[in-house]
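Colleague: Sequence and computational prediction follow.
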Amino acid sequence: MTALHQPIRRIAITTGGGDAPGLNAVIQAVTRSALQRGWTCVGIRDGYDGLLRPERYGPGEGLIPLTLPRVDGIAALGGTLLGSTNQGNPFAYPVRQADGSTALIDRSQDLLDALSRERVDALVAVGGDGSLAIAHRLAQRGLPVVGVPKTIDNDLDGTVTTFGFDTAVAFASECIDRLHTTAASHHRIIAVEVMGRYAGWIALHAGLAGGAHAILLPELPFDLAPVAEMVRRRDAQGQSHSLVVVAEGAHPRGGERALSGPAEAGHAERLGGMGEQVSQALARLAGKDARCVVLGHLLRGGSPSAFDRVAALRFGAAAVRALAAGLSGVMVALDGNTVRPVPLADVAGRMKAVPLDGDTLATARDLGICLGQ
Ligand code: F6P
């Protein structure tokens, strides 16, 4: 964390990595707070590609001037008006080679030069673990940077919550509600796969809210025998359907996570398929009809909940206040009920897993929800 950089006249905002409901609300809050201070504000298209690959856009089109009319009413919209990419790390930028392979090149100096050509004095970087690690490295190179935590997975350390999580949980639990009635009509097991690469926050919260009978998390490698036993016990009591929520990163004890495709250069491996594996195994073990529903990217889409809009607006405004106070190398974070800056050095690259001794998991256990243990 550094303090007191040069006075600011113009800032840029970037949204990188997987999108999350609330990104447009952050863009609105940053823009309005910056304009109130007499600064100008631009948005970089598609992570940093607007500056690193200007040829992809029309001349001067890699940056979007952010004005009051441009951001009017956008807080209610899902997605990001700037676009995003998860293959644009300036420190390991994928560049296609003549032989068809892809090399990862350090293009951070190109980015810093482009920002200086565009007279950008400071950056607000909105993103998850990868984007915040990039923000941290840019701050170390002398660029005034403030990070804003974003991910539907809620797995960023240093903040009570990230925006996008509440919307994802609300939608997932509505889907689980709907699946109960069809599962009950057909006396089936339904496995519902939700996002959650390393942490099971969405699975746990949506499973609790939606009344799931079993919840499988990446933090607790599972055994399906107790889940099948729970299904049989319910059957014996006349409850002939069971709902099992499976985080995409959940895996059997001693087994692997399910991958849906090979890792691409500069991009984390793609997860997917554990819901189907669980559904097929449970059908065999419990001797019942089973189906799998993958909610996947549906959880990232749609309009942010009121909670996420307010969180995103608070984070955006706090990011501009931090820059105005001369701070750099910080992330704005929810601490209790207050948004405060925390050093990026303390949070970048650190994951917040569901605590195994926390009360939410204890609640699931107390309710008799099977965790595959
Ligand atoms: O936003 C995080 C996340 O939702 C993970 O849970 C998931 O593994 C990943 O994004 C998928 O992202 P994409 O398909 O866009 O690469």
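Modeller: Nice, thanks for sending it over. Numbering: from 1, shown residues only.
Colleague: for the chain, what's the longest helix?
Modeller: helix 165-186 (DSSP state H).
Colleague: dump the residue contacts of the one residue sitting closest to the centre of the chain.
Modeller: The chain has Thr151 as the residue nearest its centroid, 2.0 Å off, counting by Cα atoms, centre = their mean. By Cβ atoms under 8 Å, 6 or more residues apart in numbering, Thr151 lies in contact with 17-18, 20, 128-129, 162, 164-165. Every C-beta, even on glycine, is put in place using the N, C-alpha and C of the backbone.
Colleague: Now list the buried members of those residues.
Modeller: Those of the contacts of Thr151 that meet the buried threshold are 17-18, 20, 128-129, 162, 164-165, by 16 or more other Cβ atoms under 10 Å.
Colleague: buried sites along stretch 50-68?
Modeller: The neighbour-count check on stretch 50-68 (16+ other Cβ under 10 Å) flags 50-54, 57, 62-64, 66 as buried.
Colleague: So what touches that stretch?
Modeller: With contact meaning Cβ under 8 Å, 6+ apart, stretch 50-68 is reached by 12-13, 27, 30-32, 34-35, 40-45, 49, 70, 81-82, 88, 90, 93, 107, 110-111, 114-115, 118.
Colleague: any idea which helix or strand comes after the helix or strand Val95 falls within?
Modeller: Element membership for Val95 (DSSP states H and E) is strand 93-96. Reading on from strand 93-96 to the C-terminus, the next helix or strand found by DSSP H and E is strand 102-105.
Colleague: got a pLDDT number for Ala92?
Modeller: Note on Ala92: pLDDT of 96.
Colleague: count of residues packed around the nearest residue to it once chain neighbours are set aside?
Modeller: What sits nearest to Ala92 in space, not counting adjacent residues and going by Cβ to Cβ, 6 or more residues apart in numbering, is Leu104, at 4.0 Å. If you count neighbours by other Cβ atoms under 10 Å, Leu104 ends up with 13.
Colleague: close enough to count as contact, Leu104 and Tyr93?
Modeller: Yes: if you go by Cβ atoms under 8 Å, Leu104 and Tyr93 touch, sitting 6.6 Å apart.
Colleague: Contacts made by stretch 199-208 with the rest, please.
Modeller: Contacts with stretch 199-208, where a contact means Cβ under 8 Å, 6+ apart, come from 152-155, 165, 168-169, 172-173, 176, 194-196, 212, 214-220, 245-247, 249-250, 299, 351-354, 360-361, 363-364, 367, 369.
Colleague: what's the closest residue to Gly79 other than its chain neighbours sitting at in phi/psi?
Modeller: Nearest non-adjacent residue to Gly79, counting by Cβ to Cβ, 6+ apart: Asp19, 5.5 Å away. Dihedral pair for Asp19: phi -70, psi 170, per degrees, to the nearest 10.
Colleague: How about the one 4 residues further on?
Modeller: Dihedral pair for Leu23: phi -60, psi -40, per degrees, to the nearest 10.
Colleague: same check, this time on Arg107
Modeller: Torsion angles, degrees, to the nearest 10, at Arg107: phi -110, psi 20.
Colleague: so who does it touch?
Modeller: Listed by Cβ under 8 Å, 6+ apart, the contact partners of Arg107 are 52, 90-91, 93.
Colleague: Ala122 now?
Modeller: By Cβ under 8 Å, 6+ apart, the contact set of Ala122 is 5, 8, 11-12, 143-146, 323, 328.
Colleague: For those, could you give me a markdown table that also reports pLDDT and distance to the ligand?
Modeller: Shown next, in a markdown table, are the contacts of Ala122 (pLDDT from 0 to 100; distance: Cβ to the nearest ligand atom, whole Å):
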| residue | pLDDT | distance to the ligand |
| --- | --- | --- |
| His5 | 77 | 31 |
| Ile8 | 96 | 30 |
| Ile11 | 98 | 25 |
| Ala12 | 98 | 22 |
| Leu143 | 97 | 25 |
| Pro144 | 98 | 27 |
| Val145 | 98 | 21 |
| Val146 | 98 | 21 |
| Leu323 | 98 | 26 |
| Ser328 | 97 | 26 |
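Colleague: what's across from Val192 in the sheet?
Modeller: On the basis of DSSP bridges, Val192 is bridged to Val245, Val293.
Colleague: Can you tell me how far it is from the ligand?
Modeller: Going from Val192 to the ligand by Cβ to the nearest ligand atom, to the nearest Å gives 14 Å.
Colleague: How many neighbouring residues does that residue have?
Modeller: Count around Val192 with other Cβ under 10 Å applied: 27.
Colleague: swap in the one 4 residues further on?
Modeller: Using other Cβ under 10 Å, Gly196 has 30 neighbouring residues.
Colleague: same question, Lys150
Modeller: When counting by other Cβ under 10 Å, one arrives at 31 neighbours for Lys150.
Colleague: buried stuff in the strand holding Val95?
Modeller: 93-94.
Colleague: heads up, I number from 2, so please use that
Modeller: Sounds good: first residue 2 from here, last item strand 94-97.
Colleague: How far off centre is that strand?
Modeller: Relative to the mean C-alpha coordinate of its chain, strand 94-97 is positioned 24 Å out (Cα atoms, centre = their mean, to the nearest Å).
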